[in-house]
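Undergrad: Next comes the sequence, and after it the predicted model I'd like to discuss.
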Amino acid sequence: MSALWIEIAVAAVLAVGLGRLFTLGLERFVGLRYLHRGRRPWAARVGLVVGLGLVAAGFAAFGVAHGRARGIETAAVITILVGALAAVVAFLLRTFSVFTTVSTMGVVLGVGSLVVVLGVTSGFEHEFQDKVLALNAHLIVMPYGDADIDGPEIAEIASRLKGMPGVTRMAKFLFSAGEVMIGRIGANLKGIDLKQGADDLRRSLIAGSVEALEQPASCVLPTGTPRKTTEDVGRIALGAELAHHLHVGVGDCVSIMIPFSSGVGEAPAAYLFKVVGLFRMGFNEYDTRLAYISIADAHRLANARRLVSGVELRFKDPMMALSAAPDVRRRLDGPYRIIDWKELNHNLFMALTMQKVIISLLLVLIIVVAAFNIIASLTMIVLSKVREIAILKSMGAPAGMVARVFLIGGTTVGAVGTGLGIAFGLLVCLLARLYGYPLDPKVYLIGSLPVRIAGGEILAVAAATLGICFLATLYPSLRASRLRAVDGLRYT
């Protein structure tokens, strides 16, 4: 809620500042007239019409070919982007001089690139957050050392956290402390309470059922003798990619071997499990390296001391878990490990944040370069309007009024560039979402390019760009205000 109020405050400051600046009648009239192009070339008008026509034709072709012809979709997206850029350049050429158009296009491209990068990085962050929360609870509480899932420590945690504000679900769990061998592939096991902790698995199942994890199972040995007792045969749900690599499906049996579970020189403990379900979470890391079993079957593996136990909590809002640790410690009043979902995946989210910050800083340099172009453009206008400035001063215009004329001119360039840049960036983000650019899940962990637009980030881009452009106008504006009327009138 505080972030929302900050965004509202920043938007209000920008609106009030621009409103106050552009309500100055005479300064606005003169400043915009200095930027205004006298003759509007017919080529710019033709370019504007052609650009908008390409955008319309591209969207029409994309709508017809969407989901049917990938090649036509790609050509349509390129046509839309080329048409949009042509329309922007033509519009600016109809309004500004060539030099001012170049300055404004620098702002447009910088802002557009920044919007796209922030949309993609935020998309990755949000996608990873969703996938992480699909497996991990919002908050995990575990006792130190080995603790039985049905022991007094786990029961005490569950009883003391019962009724905690914002908690929608609380369940016991067991998780492998290290990889176990399922068939010939290393993976992780999670033991869940089928009554309280199976919602995530149930939503992602593509074959089988959660209830089968507690139903009697049997496997056929190579000799053909069926084993019908549940003491020897467990039940397991595998990730879809893991099952694909193992060449098994629902109804097949796999062996689970736990390394280092036996003494020196002894063979590791092995257990036979029947595949009763397949799930796909859309996160390659989980689909290839995770399997679910019931708490009852996990008890059998816990004897090998390769599982850790605890209580996992889910909140109405995942962000509530980030500030719930003090309340949990107060309720437990003991030495327990409390891990929220961000801490559990600290390296992943820190890498995403650093990537966003570094790329954004690099792209801000484009806006800074455009700001220097604005300085050069306004300086050229000041030099070419020396006589006009002298006339204004000779008529009694104060230095502050002359400075505001050029402040309005430079801020107009920044505002137009920022608006068009945000619009172009949002267009690229929209096309990226509609097009669904494919990614290799083995490299990026997800199957398509994610894009997520955050209003706060767009507002931050607009505020930063307008601030940089405003600072860029100060030098030429002050230079114009310091010109003496006699120096300009001397050459009339």
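TA: Great, that's in hand. In this text, all values refer to a predicted model and were calculated from it rather than measured experimentally.
Undergrad: which stretches of the stretch 301-450 of the chain form helices?
TA: Along the stretch 301-450 of the chain, counting by DSSP state H, counting those that start in this stretch, helices occupy 318-321, 325-332, 341-344, 346-384, 386-394, 399-435, 441-444.
Undergrad: Of these, which is nearest His244?
TA: helix 441-444 (12.4 Å; CB to CB). Any C-beta I mention is one placed from the backbone N, CA and C, and that applies to glycine too.
Undergrad: can you tell me how far Phe372 sits from Thr473?
TA: Distance from Phe372 to Thr473, counting by CB to CB, to the nearest Å: 12 Å.
Undergrad: ugh, wrong one, Ala90
TA: 25 Å.
Undergrad: between Phe372 and Thr473, who's got more neighbours?
TA: Counted by other CB atoms under 10 Å, Phe372 and Thr473 do not tie: Thr473 has more neighbours, with 24 against 12.
Undergrad: The strand or helix carrying the more buried one - contacts with which helices or strands?
TA: Per DSSP states H and E, Thr473 falls inside helix 455-481. Applying 3 or more CB pairs under 8 Å, 6 or more residues apart in numbering; DSSP states H and E, we find helix 455-481 packed against helix 2-22, helix 98-135, helix 346-384, helix 399-435.
Undergrad: For that helix, the averaged confidence score.
TA: Across helix 455-481, pLDDT averages out at 84.
Undergrad: in it, what's buried?
TA: Under the neighbour-count criterion of 16 or more other CB atoms under 10 Å, helix 455-481 has 457-466, 468-470, 472-473, 476-477, 479-481 buried.
Undergrad: what does stretch 380-396 give?
TA: Those would be 381-382, 385-386, 388-390, 392-393, for stretch 380-396 by 16+ other CB under 10 Å.
Undergrad: could those be laid out in TSV, adding pLDDT and distance to Ile358?
TA: Compiled in TSV, these are given as follows (pLDDT from 0 to 100; distance: CB to CB, whole Å):
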residue	pLDDT	distance to Ile358
Ile381	76	36
Val382	75	37
Lys385	72	41
Val386	74	44
Glu388	75	45
Ile389	74	43
Ala390	77	48
Leu392	74	46
Lys393	75	47
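Undergrad: among these, which two are most distant?
TA: The most distant members of those, if one measures by CB to CB, are Ile381 and Lys393, lying 16.4 Å apart.
Undergrad: and Leu278, what helix or strand is that in?
TA: Using DSSP H and E, Leu278 falls in strand 269-279.
Undergrad: Is it correct that Ser294 is in contact with Gly191?
TA: Yes: assessed by CB atoms under 8 Å, Ser294 is found in contact with Gly191 at 6.6 Å.
Undergrad: could you dump the helices and strands packed on helix 455-481 to TSV with distance to Leu278?
TA: TSV is the format used below for the helices and strands packed on helix 455-481 (distance: least, CB to CB, whole Å):
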stretch	distance to Leu278
helix 2-22	40
helix 98-135	15
helix 346-384	25
helix 399-435	29
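Undergrad: Quick one: closest of these to Gly447.
TA: Comparing the helices and strands packed on helix 455-481 by CB to CB, helix 98-135 comes nearest, at 10.1 Å.
Undergrad: just the angle between whichever helix or strand comes after that closest one and helix 325-332, please?
TA: Downstream of helix 98-135, the next assigned helix or strand under DSSP H and E is strand 139-143. Here strand 139-143 points in a direction 40 degrees away from that of helix 325-332 (axes from the mean of the first three to the mean of the last three CA atoms, to 10 degrees).
Undergrad: what's strand 139-143 in contact with?
TA: 153-154, 157, 161, 308-313, 315, 321, 324-325, 328, 332, 336-341, 344 (CB atoms under 8 Å, 6 or more residues apart in numbering).
Undergrad: after it, next one along is what?
TA: helix 152-161.
Undergrad: Now that next one: buried residues?
TA: 153-154, 157-158, 160-161.
Undergrad: Next: stretch 358-367.
TA: 359-360, 363-364, 366-367.
Undergrad: repeat for stretch 339-352
TA: Under 16+ other CB under 10 Å, the buried positions of stretch 339-352 are 339-342, 344-345, 348-349, 352.
Undergrad: now do stretch 61-74
TA: 61-62, 65, 73.
Undergrad: gap between that stretch and the chain center?
TA: Centroid separation for stretch 61-74 versus its chain: 26 Å, with CA atoms, centre = their mean, to the nearest Å.
Undergrad: Ok, stretch 312-328 next?
TA: 22 Å.
Undergrad: For that stretch, give the mean pLDDT please.
TA: 85.
Undergrad: Contacts for it, please.
TA: With CB under 8 Å, 6+ apart, stretch 312-328 has contacts from 129, 133, 136-141, 161, 164-173, 197, 336, 338, 340-342.
Undergrad: So among those, which ones count as buried?
TA: 129, 133, 136-141, 161, 167, 170-173, 197, 336, 338, 340-342.
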